[in-house]
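> Below are the sequence and a predicted model; questions follow.
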Amino acid sequence: METEILVICDNAQNYQDKMVVVGPFNTIHAVSCPFTHPTFSLAVRLNYNSKDKHGKKDIKIEFIDEKGAVFIPQINSSAIIPENIDESHTISIVVGLNNVKFDSFGKYTIKITIDDFYKETYLYIKKRLP
């Protein structure tokens, strides 16, 4: 399995197996903390090939702050990888997040786990300079 896309962005949509990603970013600048960010998305696109195991795949997405605490509830889902993949099979995941509260400046981790596969990306909350 290969990760083609794992990005935080302003907006993401999946239309007929075509992913549209608008405004990718990894940093939010804020005047002070805590603050609430109105909206953003997580876009994930995975590519399976004929060498990968088929069947049901359990998907877990975790949102963890610097102290190891959950700042958005964990998302659990699943996908089916068909038996007869010719060249590739893609899975697209789009998670829209609204009114997310950030208690402090720092590094926030978004982890995706699918069976024994693990990948993460980071969101940095920084103080806005005058």
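All right, it came through fine.

> so what's the residue positioned nearest the centre of the chain closest to, chain neighbours aside?
Nearest to the centroid of the C-alpha atoms of the chain, with distances taken as C-alpha atoms, centre = their mean, sits Leu42, at 4.0 Å. Among residues not flanking Leu42 along the chain, Val95 sits closest, at 4.3 Å (C-beta to C-beta, 6 or more residues apart in numbering). C-beta: built from backbone N, CA, C; applies to glycine.

> Give me the distance between the one you found and Ser41.
Val95 sits 6 Å away from Ser41, taking C-beta to C-beta, to the nearest Å as the criterion.

> what residues are shared contacts of those two?
Taking C-beta atoms under 8 Å, 6 or more residues apart in numbering as the contact criterion, no residue touches both Val95 and Ser41.

> tally of neighbours for the closest residue to Thr27 other than its chain neighbours?
Excluding its sequence neighbours, the residue lying closest to Thr27 (C-beta to C-beta, 6+ apart) is Tyr124, at 4.5 Å. Close neighbours of Tyr124, defined as other C-beta atoms under 10 Å, add up to 13.

> What strand or helix carries Tyr124?
When secondary structure is defined using DSSP states H and E, the element that contains Tyr124 is strand 117-127.

> roughly how far is that strand from the heart of the chain?
Taking the mean of its C-alpha atoms, strand 117-127 sits 9 Å from the chain's own mean (C-alpha atoms, centre = their mean, to the nearest Å).

> Also stretch 84-91?
Here the centre of stretch 84-91 is set off from its chain's centre by 21 Å, with C-alpha atoms, centre = their mean.

> can you pull the buried residues of the helix or strand of the chain with the lowest mean pLDDT?
Within the chain, judged by mean pLDDT, DSSP states H and E, the helix or strand with the poorest mean is strand 70-81; its value is a mean of 90. By 16 or more other C-beta atoms under 10 Å, the buried positions in strand 70-81 come out as Phe71, Ile72, Ala79, Ile81.

> what angle do it and strand 117-127 make?
Between strand 70-81 and strand 117-127, the angle comes out at 150 degrees (axes from the mean of the first three to the mean of the last three C-alpha atoms, to 10 degrees).
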